[in-house]
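# Please work out how this folds:
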Amino acid sequence: CLESVQAAPAAAAADGDDEEEANEERRGWFLVPYLVGPHDSFNAVCMRHRMAPEELSRVNSLRHRSLRPGSTVLVWAERSETEVREAERATTL
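Alright, predicted model coming up:
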């Protein structure tokens with residue numbers, strides 16, 4: 001069973017300012033497993049989950065931009081506002 005992974009920067013940044021911006025862009029988002037369906041393409045999965053192709057490849061350590069039906073990849077999912085508040089409250093306790 002795969003568990004969700006805490007949000008990471010949307011893209012690797014060269015300096016701290018860009019990294020902070022990337023973290024703010026993904027605030028309230030986290031990685032979840034996604035089962036690739038028989039008609040899913042690499043680009044369709046990227047668009048559906050608002051990920052750049054480079055990001056999908058990097059997060060999942062993919063060498064090629066192709067996905068096999070039945071495989072599982074990590075994709076971004078958005079948390080509800082309640083979940084975001086609860087997570088922030090838990091980290092400040």
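
# So what does the closest residue to Arg65 other than its chain neighbours look like in phi/psi?
Distance criterion CB to CB, 6 or more residues apart in numbering; nearest residue to Arg65, sequence neighbours excluded, is Phe42 at 4.7 Å. Every residue, glycine included, has its C-beta placed from N, CA and C. Dihedral pair for Phe42: phi -60, psi -50, per degrees, to the nearest 10.

# How about the contacts made by Phe42?
Pro53, Leu56, Arg65, Ser66, Leu67 (CB atoms under 8 Å, 6 or more residues apart in numbering).

# And the helices in this protein?
Secondary structure of the chain (DSSP state H): helices located at 16-25, 42-48, 53-59, 81-92.

# Can you tell me which of these is nearest to Leu31?
Closest to Leu31 of the helices of the chain, according to CB to CB: helix 53-59, at 6.7 Å.

# Report the contact partners of the residue nearest to Glu78 when sequence neighbours are not counted.
Residue nearest to Glu78 in three dimensions, not counting chain neighbours: Trp29, with 5.4 Å by CB to CB, 6+ apart. By CB under 8 Å, 6+ apart, the contact set of Trp29 is Ala7, Trp76, Ala77, Glu78, Arg79.

# Tell me which of the helices of the chain is the most buried.
Mean neighbour count (mean count of other CB atoms under 10 Å) peaks for helix 53-59 among these, with a mean of 16.

# CA atoms only for that helix, dumped as PDB, please.
Extracted in PDB, the C-alpha atoms of helix 53-59 (Å, rounded to 0.1, in the frame of the first residue of the first chain):
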ATOM      1  CA  PRO A  53       6.500  16.200 -18.300                       C
ATOM      2  CA  GLU A  54       9.900  16.800 -16.700                       C
ATOM      3  CA  GLU A  55       8.300  16.800 -13.300                       C
ATOM      4  CA  LEU A  56       6.400  13.500 -13.800                       C
ATOM      5  CA  SER A  57       9.600  11.900 -15.100                       C
ATOM      6  CA  ARG A  58      11.700  13.200 -12.200                       C
ATOM      7  CA  VAL A  59       9.200  12.400  -9.400                       C
END
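
# Thank you kindly, that will do.
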